[in-house]
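J.: Take this sequence and fold it.
(chains A and B)
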Amino acid sequence: MAEQGANKGGGPIIKIAFFAVLALVLISGLIFSPEHPGLAIHPMDQFEIKPLFGGDNLGLFTPTNQTLWMVLAIVGVVVLLVVGSRGRAIVPTRGQSVAELAYGFVYKMVEDVAGKDAVKYFPGIMTLFMFILFANVLGLIPTSFTPTSHIAVTGVLALIVFVFVTVLGFVKNGAGFLGLFWVTAAPLALRPILAVIELISYFVRPVSHSIRLAGNLMAGHAVIKVFAGFAAALGLFSFLPILAISAVYALEVLVAFIQAYVFTILTCVYLKDALHPSH
Amino acid sequence: MANTTQEVAGDAARHASEIEGMETATGMPQLDFSTFGNQVFWLVVTLVVIYFVLTKVALPRIEAVLSERRGTITSDLAAAEDLKQKAVEAEDAYNKALADARAEANKIVAEARAEIQADVDAAAAKADAEIAAKAAESEAAIAEIRAGAVDSVKTVAKDAAKEILATMGYKADAKSVTAAVNARMKG
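T.: Predicted structure coming up:
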């Protein structure tokens, strides 16, 4: 208790001191480090897409480093969900429990958010979730590649959801799907304005849906790389950026799961709008 | 904050690429459109593979395991309910047997008591009768003795009166002596 109290009192001062020292070290490191001319931080290099088997020619079907990590994501999904559940045990093993947990987690999400009639789209949503989760988590392995940090990948994912949900909305409800934009709860005079806003927000959905995922992952990886560059330049004081990297890495582990979850639950929300467009 | 970091990072990358002069102009591989076709192709392949792995193998299997477990749990619960019912029945039977045994015991005790009572009553009646007979007999004997005693007293009294009269010189009249004695005896 006493220690806690002392911590509370000294907290801000310690924090300020810590950041002051950190800043000093960084600046002095930049100025006085003998490696200063060589201080080269390339935080975006890790996102470069290169042909996997050498050569500069990047055709449509050339396997790339991104392809490798997508395949590894497939392997991860297979190991977790197929190999993990191969025992079909009534009392599950550890691996089978995790597989069942993932299944139950997504299944319940679809059922709760999108409704019971959305359960038949569960395999597709499960595919999205497992792919994003494994791409995110495997991307946290040092020197690996994160497919979901590329806007092309997340954009395609978001567009698949957008197109599917829009087509489904019209197929299920016909013109009634346009009721999604006609807010009957609002006064009649306001409805056209709201319809325009709703329409814009509907078409912004895939943009925010995809950029949220790619942006989060890219930013986290880039920050780690920047700190890594500092660590390389600082010599004796490199423990400070390394501490920071550890902290950011812990945050990134969280982000990897949360962004997979967010992408999936938003997909469920959009699916709900398509199945039940009335507000 | 992430945006700022990104921009900073982007600037740094651009700077670095300018120095080394071998990167793309943007510095952001994400915006290198020449790779998009390749990325989309492999992404679609990956998604199709995962979708088929899930729908053909993983999800039906996990679903089967989960429903089987649900079935097992349900049937186990039913069996437990059954056993519970049986236990209740067994307890009822036990209680009934216990009550029966107790009633039987009470009955036997009552019978034995009645039997003993009857025996006791009979013995008491017999004893009473014997005592009554003995008492009557004794009474008869006492009455006889008493009668004997009164007669003896009379005889002695008459004799004594006669003797006294004779001694005094009177001739004793037997009849009047007897009457006098009888009168005295009554008084």
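J.: check contacts around residue 121.
T.: Looking at chain A here, since you left the chain open. A:110, A:114, A:271 (Cβ atoms under 8 Å, 6 or more residues apart in numbering or on different chains). (C-beta placed from N, C-alpha, C; glycine too.)
J.: quick one: low-confidence parts of chain B?
T.: For chain B, applying pLDDT under 70 flags the ranges B:1-26, B:172, B:187.
J.: what about 80?
T.: B:1-27, B:169-174, B:177, B:181, B:184-187 (pLDDT under 80).
J.: restrict the contacts of residue A:121 to contacts with chain B.
T.: For chain B, no contacts are drawn from the contacts of residue A:121 by Cβ under 8 Å from any Cβ of the partner chain.
J.: Out of those, who's the most crowded?
T.: residue A:110 (27 neighbours; other Cβ atoms under 10 Å in any protein chain shown).
J.: what's the closest of the contacts of residue A:121 to chain B?
T.: residue A:110 (12.1 Å; Cβ to the nearest Cβ).
J.: so the closest one touches residue A:125, yeah?
T.: Yes: between residue A:110 and residue A:125 a contact is recorded at 5.6 Å, counting by Cβ atoms under 8 Å.
J.: residues bridging contact with the two, i.e. touching both?
T.: Counting by Cβ under 8 Å, 6+ apart, the shared contacts of residue A:110 and residue A:125 are A:268, A:271.
J.: How far off centre is the lengthiest helix in chain B?
T.: Determined from DSSP state H, the single longest helix within chain B is helix B:59-168. The chain centre lies 26 Å from the centre of helix B:59-168; the measure is Cα atoms, centre = their mean, to the nearest Å.
J.: Now the element after it, going C-ward?
T.: Per DSSP states H and E, the first helix or strand lying C-terminal to helix B:59-168 is helix B:174-186.
J.: Touching that following helix from outside, list them.
T.: B:150, B:153, B:154, B:157, B:158, B:161, B:162, B:165.
J.: give me that answer again for 7 Å
T.: Identification of contacts with helix B:174-186 by Cβ atoms under 7 Å, 6 or more residues apart in numbering or on different chains yields B:154, B:157, B:158, B:161, B:162.
J.: Give the residue farthest from the middle of chain B.
T.: Centroid-distance maximum for chain B: residue B:169 at 105.5 Å, with Cα atoms, centre = their mean.
J.: So the nearest residue to residue A:65 once chain neighbours are set aside: helix, strand or coil?
T.: Once flanking residues are discounted, residue A:65 sits nearest to residue A:145: 4.8 Å by Cβ to Cβ, 6 or more residues apart in numbering or on different chains. Three-state assignment for residue A:145 (DSSP: H, G, I helix; E, B strand; the rest coil): coil.
J.: Now do the same for residue A:145: its pLDDT.
T.: pLDDT recorded at residue A:145 is 94.
J.: Pull up the residues of the stretch 1-150 of chain A that are close to chain B.
T.: Within the stretch 1-150 of chain A, the positions near chain B by Cβ under 7 Å from any Cβ of the partner chain are A:40-44, A:47-49, A:58, A:60-62, A:64, A:66-67, A:70, A:73-74, A:77-78, A:81-82, A:85, A:88, A:90, A:99-100, A:103, A:123-124, A:126-127, A:130-131, A:150.
J.: so of those residues, which ones are in helices?
T.: Going by DSSP H, the helices hold A:66-67, A:70, A:73-74, A:77, A:99-100, A:103, A:123-124, A:126-127, A:130-131 from these.
J.: Which of these sits closest to residue B:117?
T.: residue A:100 (78.3 Å; Cβ to Cβ).
J.: My read is that the closest one contacts residue A:92, right?
T.: Yes: with contact defined as Cβ atoms under 7 Å, residue A:100 counts as touching residue A:92 (6.1 Å).
J.: and chain B, what are its domains?
T.: Following automatic domain parsing, chain B resolves into domains at B:1-31, B:32-186.
J.: Point out the most buried one among the ones you listed.
T.: domain B:1-31 (a mean of 15; mean count of other Cβ atoms under 10 Å in any protein chain shown).
J.: So which bits of chain B are right by chain A?
T.: Selection of chain B residues close to chain A by Cβ under 7 Å from any Cβ yields B:2, B:5-6, B:9-10, B:12-13, B:16, B:27-30, B:34-43, B:46-47, B:49-51, B:53-55, B:57-59, B:61-62, B:65-66, B:68-69, B:72.
J.: Report the contact partners of residue A:172.
T.: A:274, A:275 are the contacts of residue A:172 under Cβ under 7 Å, 6+ apart.
J.: And the helix or strand harbouring it, what's buried?
T.: In the assignment (DSSP H and E), residue A:172 maps to helix A:151-173. Residues of helix A:151-173 classed as buried by neighbour count (16 or more other Cβ atoms under 10 Å in any protein chain shown): A:151-158, A:160-162, A:164-166, A:168-169, A:173.
J.: From those residues, list the ones also adjacent to chain B.
T.: Within those, those near chain B by Cβ under 7 Å from any Cβ are A:151, A:152, A:153, A:156.
J.: Which pair of those spans the longest distance?
T.: A:151 and A:156 (9.5 Å).
J.: Adding distance to residue A:187 as columns, could you present the domains of chain B in TSV?
T.: What follows is those, written out as TSV (distance: least, Cβ to Cβ, whole Å):
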stretch	distance to residue A:187
domain B:1-31	38
domain B:32-186	44
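J.: so which of these comes closest to residue A:265?
T.: Among these, the nearest to residue A:265 by Cβ to Cβ is domain B:32-186 (18.6 Å).
J.: Not counting stretch A:67-75 itself, show me its contacts.
T.: Here stretch A:67-75 makes contact (Cβ under 7 Å, 6+ apart) with A:52, A:131, A:134-135, A:138-139, A:144-145, A:147, B:42-43, B:46, B:49-50.
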